[in-house]
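Participant: Any chance you can model this:
(chains A, B, C, D, E, F, G, H, I and J)
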Number of protein chains: 10
Amino acid sequence: MLYHVRMDVHPPRDLDPAAFEALKAAEKSRAWELQRAGKWPHLWRIAGAYANVSVFDVTDHDELHAILSSLPLFPFMAIVVTPLARHPSAIG
Amino acid sequence: MLYHVRMDVHPPRDLDPAAFEALKAAEKSRAWELQRAGKWPHLWRIAGAYANVSVFDVTDHDELHAILSSLPLFPFMAIVVTPLARHPSAIG
Amino acid sequence: MLYHVRMDVHPPRDLDPAAFEALKAAEKSRAWELQRAGKWPHLWRIAGAYANVSVFDVTDHDELHAILSSLPLFPFMAIVVTPLARHPSAIG
Amino acid sequence: MLYHVRMDVHPPRDLDPAAFEALKAAEKSRAWELQRAGKWPHLWRIAGAYANVSVFDVTDHDELHAILSSLPLFPFMAIVVTPLARHPSAIG
Amino acid sequence: MLYHVRMDVHPPRDLDPAAFEALKAAEKSRAWELQRAGKWPHLWRIAGAYANVSVFDVTDHDELHAILSSLPLFPFMAIVVTPLARHPSAIG
Amino acid sequence: MLYHVRMDVHPPRDLDPAAFEALKAAEKSRAWELQRAGKWPHLWRIAGAYANVSVFDVTDHDELHAILSSLPLFPFMAIVVTPLARHPSAIG
Amino acid sequence: MLYHVRMDVHPPRDLDPAAFEALKAAEKSRAWELQRAGKWPHLWRIAGAYANVSVFDVTDHDELHAILSSLPLFPFMAIVVTPLARHPSAIG
Amino acid sequence: MLYHVRMDVHPPRDLDPAAFEALKAAEKSRAWELQRAGKWPHLWRIAGAYANVSVFDVTDHDELHAILSSLPLFPFMAIVVTPLARHPSAIG
Amino acid sequence: MLYHVRMDVHPPRDLDPAAFEALKAAEKSRAWELQRAGKWPHLWRIAGAYANVSVFDVTDHDELHAILSSLPLFPFMAIVVTPLARHPSAIG
Amino acid sequence: MLYHVRMDVHPPRDLDPAAFEALKAAEKSRAWELQRAGKWPHLWRIAGAYANVSVFDVTDHDELHAILSSLPLFPFMAIVVTPLARHPSAIG
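Facilitator: So this is what the prediction gives:
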């Protein structure tokens, strides 16, 4: 099932730079893992913002919440979730 | 180049039903044509709304505007365009 | 799977009163049917508003959209859908 | 009497981790107590957010306020209360 | 139990003037009746607006909804309801 | 002259607890004084929030501003003032 | 006592042009009358908008409401009223 | 003096098509005239919207208002004006 | 040329009290100077808020920006500027 | 390709003044470099605000994001990007 997710990242200024780099590396590693597993089929950067638009493909709301809430940058993100249904004019 | 586009359709109530059906058929036909041409790679229905989330893949802003403004339902749509850049954590 | 849905009804003023009564009767009949089928386990009126808060229990986003978009009053409703996950502090 | 309550939790970053864990444990314990007493019949997690949608069943506004304002995480929550009336199309 | 209610009136322009006067007279008559019954203890005009701030004193949410939704001008009003609890610094 | 005032209190987290208790005691004492003087005829708690709805009865805008800006918790409050006129349907 | 008032005019499109001209003439005539009486000391056009910023100098909220609600264009205006107090840094 | 102006056009649906074409032709003709006179140095279409971003170079607020309020499509436009000052990092 | 300016002051809590008093004294001194010079003809306190409504009379946008951005409290203010044109119904 | 960009700068109060001056100098130097390269053809100060309106002329979304996200003040800026298409009434 597909979910449209927008994430805006607001890292606190007083975060230790090394800790922040470690968090970002962990985030990227987790993003790769989820993409390879087919759970996170689309991930785009919003031009000019520290934000992304993503599409997740998971079993249900609980799996989505488990994935999102365990992202390393989750504590610093504002997240909006929109359930996506099949569009009658979509092909393929 | 990719653009994230959300379209909310607000058809006027006094539209002639037959004319509305014709517009929707023309919209679907045009959507198929643009999907087949690779210009409109993603088209999803937002669950519970007469609205969609789309991704367009076009040459530039002018082509995007030409496509959107010539959609049969364009006069009845509220549209928000967001330019998408490559995300550093995206694979493939 | 559970979805939180808020529906605000904005009936057009020039709707024929008899047609409106027929629509409301059809809406109620459909609401009963969906409640009896277990698809619409909660339905509350928001005090002071022509609006409701509902919880739907359906298979997936597509079923939710099919149900909502076929409600007799759908053309006159503003709808907001929120996916509900299990809360770690919920019992039972 | 039923009240729809949405709570968004914004824990301050500089909260001592042990103190935060203690607060969360106290919050869960209090949530269980209120659920068992029938005061908090519904509690759902909003997917992708540190937030919940709840329904409370209490005697009056004063009891609701007493309950909400004494939750251990209350100082870190944004709360919206909506009174729920019986819906004319609700069954049972 | 007390409820704070703000009502903004948006009368449609094409309402027949005589019908509108009749509605306003019925609204005033009903407002007097509810004030005399002690159900509507406060009613103020917001300066510069076709709107009021009111306080209702009723048994429960259902009574409040029944009163508000049967006001003659209800179809033309935007209403916001806020439950009022006792304030710890209030006297008397 | 009557003014409708909503106050939302946002106490800073790093306020010294004893200092905060002293401020709240001073606020309550001042609220009692103003209520007894007839300047603050209504004071209600908004259920579920650290906020109140008040009605002040003062001579003019300057007196209102002097009262509000000298409240002990004023530095931590967001305040919205609405002038109240007599309503044509109010009795008594 | 001074009140800051912003008025945005939204004339309905189907207003008879002659009737609209008559309304605007009546509005101007009333505005002149109130300015000459010292009730409406400031009246400015917001550049690029069919809107104005005004300052009224009247006895109380009731007089302000009586003046505003009897303006010929009142039915087509969105009005925001802000009470103005003396500023401690103002001279003269 | 430079002004940043955003104009969103909301043509009414019941406008006679021939009258609308005439208005658009008059708008284009006036836009050309003002561009040639150096009053309207920048005019861009916002991609996906019936809206533009413009920069005007005029003598003062009164001239700006006179120009904007006399545009043929002015009755159907929502306009936001922002005064532009010289930027300390701008060259040339 | 006239500009309508609203300033909301948000002084940081951790500002040294003596430094804050010095800033406010400098602000008042500068406000007096600009009023005496005829640059700041109107300055009102918004009742109940640490905010003001002002009218400035300056040569152009650059002078306005120079004045506002050099106010001692500028770093702590949210400012909204609205250009004012002559109103066709204003007298004198 | 043209992009309209609004940047609002929110420098943190506890930034070391010397470090802030160094950042601003680096920002200005980078702004000059990009203007000379033709990438940043327009840069205006919004009167009364620590904000600018800019137009960028770059190859694609990725180049825009690379430029914006590497600006020295990027961590302190709120940025809104709007793609600009050619306007049918623009000349030259």
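
Participant: quick one, what contacts the residue in chain A that chain H sits nearest to?
Facilitator: As assessed by C-beta to the nearest C-beta, chain H sits closest to A:Ala47 within chain A, at 12.8 Å. Just so you know, the C-beta spots here come from the backbone N, C-alpha and C atoms, and that holds for glycine as well. By C-beta atoms under 8 Å, 6 or more residues apart in numbering or on different chains, the contact set of A:Ala47 is B:Thr82, B:Pro83, B:Leu84, B:Ala85, J:Tyr3, J:His61, J:Asp62, J:Leu64, J:His65, J:Leu68, J:Val81.

Participant: Filter the residues you listed down to just the ones in strands.
Facilitator: B:Thr82, B:Pro83, B:Leu84, B:Ala85, J:Tyr3, J:Val81 (DSSP state E).

Participant: Throw the contacts of A:Ala47 into a markdown table and include neighbour count and distance to A:Asp57, thanks.
Facilitator: Shown next, in a markdown table, are those (neighbours: other C-beta atoms under 10 Å in any protein chain shown; distance: C-beta to C-beta, whole Å):
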| residue | neighbour count | distance to A:Asp57 |
| --- | --- | --- |
| B:Thr82 | 23 | 21 |
| B:Pro83 | 26 | 24 |
| B:Leu84 | 23 | 18 |
| B:Ala85 | 24 | 22 |
| J:Tyr3 | 23 | 31 |
| J:His61 | 25 | 24 |
| J:Asp62 | 16 | 25 |
| J:Leu64 | 23 | 29 |
| J:His65 | 22 | 26 |
| J:Leu68 | 22 | 30 |
| J:Val81 | 22 | 28 |
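
Participant: Tell me the first helix or strand C-terminal of the longest helix along chain A.
Facilitator: When chain A is parsed with DSSP state H, its longest helix is helix A:17-36. Helices and strands here follow DSSP states H and E; after helix A:17-36, the next one along the chain is strand A:42-46.

Participant: Do that next one and chain D come into contact?
Facilitator: No: if you take C-beta under 8 Å from any C-beta of the partner chain as the test, strand A:42-46 misses chain D, and the best it gets is 15.2 Å.

Participant: What strands flank the next helix or strand after that strand, and is each parallel or antiparallel?
Facilitator: For strand A:42-46, the following helix or strand on the C-terminal side (DSSP H and E) is strand A:51-57. If you go by DSSP bridges, strand A:51-57 pairs up with strand A:2-9 (antiparallel), strand A:42-46 (antiparallel).

Participant: Spatially nearest residue to A:Val58 (excluding sequence neighbours)?
Facilitator: Nearest non-adjacent residue to A:Val58, counting by C-beta to C-beta, 6 or more residues apart in numbering or on different chains: A:Leu64, 5.0 Å away.

Participant: if I look at that neighbour, how far off is chain B?
Facilitator: Noted for A:Leu64: a distance of 14 Å to chain B, by C-beta to the nearest C-beta, to the nearest Å.

Participant: now A:Leu15
Facilitator: Noted for A:Leu15: a distance of 19 Å to chain B, by C-beta to the nearest C-beta.

Participant: Could you list the residues of chain A in contact with chain D?
Facilitator: So far as C-beta under 8 Å from any C-beta goes, chain A lies against chain D at A:3, A:5, A:12, A:61-62, A:64-65, A:68-69, A:75, A:79-81.

Participant: least trustworthy position among these, going by pLDDT?
Facilitator: For the residues of chain A next to chain D, the weakest pLDDT value sits at A:Pro12, with 88.

Participant: burial measure for the closest residue to that residue other than its chain neighbours, as a count.
Facilitator: Among residues not flanking A:Pro12 along the chain, D:Arg13 sits closest, at 5.5 Å (C-beta to C-beta, 6+ apart). D:Arg13 has 10 neighbours, counted by other C-beta atoms under 10 Å in any protein chain shown.

Participant: What of the one 10 residues further on?
Facilitator: A total of 18 residues lie near D:Leu23 under the criterion other C-beta under 10 Å.

Participant: Torsion angles phi and psi at the nearest residue to it once chain neighbours are set aside?
Facilitator: Of all residues beyond its chain neighbours, the one nearest D:Leu23 is D:Pro72 (4.8 Å), with distances taken as C-beta to C-beta, 6+ apart. Note on D:Pro72: backbone dihedrals following degrees, to the nearest 10 are phi -60, psi -30.

Participant: give me every residue that touches D:Pro72.
Facilitator: Counting by C-beta under 8 Å, 6+ apart, D:Pro72 has contacts D:Leu23, D:Lys24, D:Ala26, D:Glu27, D:Arg30.

Participant: again, 6 Å this time
Facilitator: Listed by C-beta atoms under 6 Å, 6 or more residues apart in numbering or on different chains, the contact set of D:Pro72 reads D:Leu23, D:Ala26, D:Glu27.

Participant: Could you save these as CSV and add columns showing pLDDT and distance to E:Lys39?
Facilitator: Below are the contacts of D:Pro72 laid out as CSV (pLDDT from 0 to 100; distance: C-beta to C-beta, whole Å):
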residue, pLDDT, distance to E:Lys39
D:Leu23, 96, 42
D:Ala26, 98, 41
D:Glu27, 98, 38
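
Participant: The residue in chain A that chain F sits nearest to: neighbour count?
Facilitator: Going by C-beta to the nearest C-beta, chain F is nearest to A:Asp14 of chain A, at 13.9 Å. By other C-beta under 10 Å, 9 other residues sit near A:Asp14.

Participant: so it, which of the three states?
Facilitator: Following DSSP: H, G, I helix; E, B strand; the rest coil, we place A:Asp14 in the coil state.

Participant: mind checking the backbone torsions on it?
Facilitator: phi -90, psi 10.

Participant: Need the pLDDT of it.
Facilitator: Looking at A:Asp14, the pLDDT reads 83.

Participant: what's the pLDDT at A:Ser89?
Facilitator: What the model reports for A:Ser89 is a pLDDT of 97.

Participant: Who are the contact partners of it?
Facilitator: Applying C-beta under 6 Å, 6+ apart, the residues near A:Ser89 are B:Lys28, B:Ala31.

Participant: before we move on, what SS does it have?
Facilitator: coil.

Participant: Can you tell me how far it is from B:Pro11?
Facilitator: As defined by C-beta to C-beta, to the nearest Å, A:Ser89 lies at a distance of 15 Å from B:Pro11.

Participant: what about stretch A:10-21, start to end distance?
Facilitator: Using C-alpha to C-alpha, to the nearest Å, the end-to-end distance of stretch A:10-21 comes out at 14 Å.

Participant: Residues contacting that stretch, please?
Facilitator: Contacts of stretch A:10-21 (C-beta under 6 Å, 6+ apart): A:Phe76, D:Arg13, J:Pro12.

Participant: tell me which of these is nearest to chain E?
Facilitator: D:Arg13 (30.6 Å).

Participant: how far away is the closest one from C:Gln35?
Facilitator: Distance from D:Arg13 to C:Gln35, by C-beta to C-beta: 44 Å.

Participant: what residues are up against A:Ala90?
Facilitator: Counted by C-beta under 6 Å, 6+ apart, A:Ala90 has contacts B:Leu43.
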